[in-house]
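Asks: build me a model from this:
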Amino acid sequence: MPVTVLIVDDSKLARIVAGKALAEIKPDWQKVEASGGNEALRVIDAQAIDVALIDFNMPEMDGLELAAAIRARRSEMPLAIITANVQDEIIARARDVNAAFVAKPVTAESIEPFLSGAALRLRMAKA
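Replies: The predicted structure follows:
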């Protein structure tokens, strides 16, 4: 059964970069994109999403607000907050919503530990 990853970022270029890194590590995983929090929530409500990569700085709601909204719907979904804004407070807040933290720019090397952990969590959930 294929894994579907939602990439949420208001920057099309950032979504492309994250998608390329994802495809390099998990070429069999599918990706779906959203340009903001409200669109992301509509996607999650409409289709099966297994993992989410969420930008921190977005207009409608920031990535941590979106992560909290996703947690309310899908408590076990692996989430990663992605940002160039590397501050202890943001990292701590990501942990508070049980989300991983990945610094931008996203590369295969930077996102691989999160994706490996997500794959393990998904396998364990199905077992």
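
Asks: centre-most residue in the chain?
Replies: For the chain, the residue sitting closest to the mean C-alpha position, by C-alpha atoms, centre = their mean, is Leu53 at 1.4 Å.

Asks: packing partners of the helix or strand harbouring that one?
Replies: In this structure, Leu53 is located in strand 51-55 according to DSSP states H and E. Packing contacts for strand 51-55, counted by 3 or more C-beta pairs under 8 Å, 6 or more residues apart in numbering; DSSP states H and E, involve strand 4-8, helix 12-25, helix 37-46, helix 63-73, strand 79-83, helix 108-126. (C-beta placed from N, C-alpha, C; glycine too.)

Asks: name the surrounding residues that touch the first helix or strand past the second one going along the chain.
Replies: Following the chain from helix 12-25 toward its C-terminal end, the next helix or strand by DSSP H and E is strand 30-34. Taking contacts as C-beta atoms under 8 Å, 6 or more residues apart in numbering, the residues outside strand 30-34 that touch it are 2-9, 15, 19, 22-23, 40, 42-43, 47, 49.

Asks: direction included, what does strand 30-34 pair against?
Replies: Partners of strand 30-34 in the sheet, by DSSP bridges, are strand 4-8 (parallel).

Asks: show me what contacts the residue nearest to Asp62 when sequence neighbours are not counted?
Replies: Among residues not flanking Asp62 along the chain, Phe56 sits closest, at 5.8 Å (C-beta to C-beta, 6 or more residues apart in numbering). Contacts for Phe56 (C-beta under 8 Å, 6+ apart) come out as 62-64, 81-83, 85, 90.

Asks: can you tell me which helix or strand of this protein has the lowest average pLDDT?
Replies: When the helices and strands of the chain are scored by mean pLDDT, DSSP states H and E, helix 88-96 comes last with a mean of 80.

Asks: one step back: put together JSON lines for the helices and strands packed on strand 51-55, with mean pLDDT on each row.
Replies: Below are the helices and strands packed on strand 51-55 laid out as JSON lines (pLDDT from 0 to 100):
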{"stretch": "strand 4-8", "mean pLDDT": "96"}
{"stretch": "helix 12-25", "mean pLDDT": "95"}
{"stretch": "helix 37-46", "mean pLDDT": "95"}
{"stretch": "helix 63-73", "mean pLDDT": "93"}
{"stretch": "strand 79-83", "mean pLDDT": "91"}
{"stretch": "helix 108-126", "mean pLDDT": "90"}
